[in-house]
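Trainee: need a 3D model of the following:
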Amino acid sequence: MTGFLRDRLRSVGFALAGLAFVLRTQHNAWVHLMAAAVVVILGFFVGLDRADWLWIVTAIALVWFAEVMNTGFEYLCDVVQPGFSDVVRKAKDIAAGAVLITSVYAVIVAALTFGPHLSG
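Mentor: I've put the predicted structure just below:
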């Protein structure tokens, strides 16, 4: 195995360790995981087409991206400022707002995608 390939595999390992950390420590990550699982199962059940799947997968990926970045941001803030800081609290709230925005977007995408399939 070349050094390049070995380094890439190590990078993937670090990324997977980060995702595992998020799942071990963040309650909301489990909520997002369960919601994504329900949506994917429902998508197979109603027979979503390719275009619908693109919207659903994009919404899931955006929520996960925001959740993972928010967790990283929170941990970085805790290292930089271990004690209470109103400025850090505001920064964390703003990062959490990104998760909220993507979650609301995902709910809207799900409603628009599944509405026609479930309304009859």
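Trainee: rest of the way, CA atoms for contacts and neighbours
Mentor: Fine.
Trainee: whatever helix or strand Phe73 lives in: which residues count as buried?
Mentor: Of the helices and strands defined by DSSP states H and E, Phe73 is found in helix 50-80. Neighbour counts using 16 or more other C-alpha atoms under 10 Å place 52-53, 55-56, 59-60, 62-64, 66-71, 73-74, 77-78 of helix 50-80 among the buried residues.
Trainee: swap in stretch 111-120?
Mentor: Using 16+ other C-alpha under 10 Å as the test for burial, stretch 111-120 gives 113-114.
Trainee: can you give me how far that stretch is from the chain middle?
Mentor: 23 Å (C-alpha atoms, centre = their mean, to the nearest Å).
Trainee: find the centremost residue of the chain, please.
Mentor: Geometric centre of the chain, nearest residue: Trp64, 0.9 Å, by C-alpha atoms, centre = their mean.
Trainee: tell me what the helix or strand bottoming out on mean pLDDT in the chain is packed against?
Mentor: With mean pLDDT, DSSP states H and E as the measure, the helix or strand of the chain carrying the lowest mean pLDDT is helix 3-25 (a mean of 94). Under the contact criterion of 3 or more C-alpha pairs under 8 Å, 6 or more residues apart in numbering; DSSP states H and E, the helices and strands touching helix 3-25 comprise helix 27-46, helix 50-80.
Trainee: rewinding a little: surely the residue nearest to the centre of the chain and Val31 touch.
Mentor: No - in terms of C-alpha atoms under 8 Å, Trp64 does not count as a neighbour of Val31; the distance is 10.8 Å.
Trainee: tabulate the helices and strands packed on helix 3-25 in CSV, adding columns for distance to Val109 and mean pLDDT.
Mentor: Rendered in CSV, the data for the helices and strands packed on helix 3-25 read as follows (distance: least, C-alpha to C-alpha, whole Å; pLDDT from 0 to 100):
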stretch, distance to Val109, mean pLDDT
helix 27-46, 11, 97
helix 50-80, 7, 97
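Trainee: having no further points to raise, I will conclude here.
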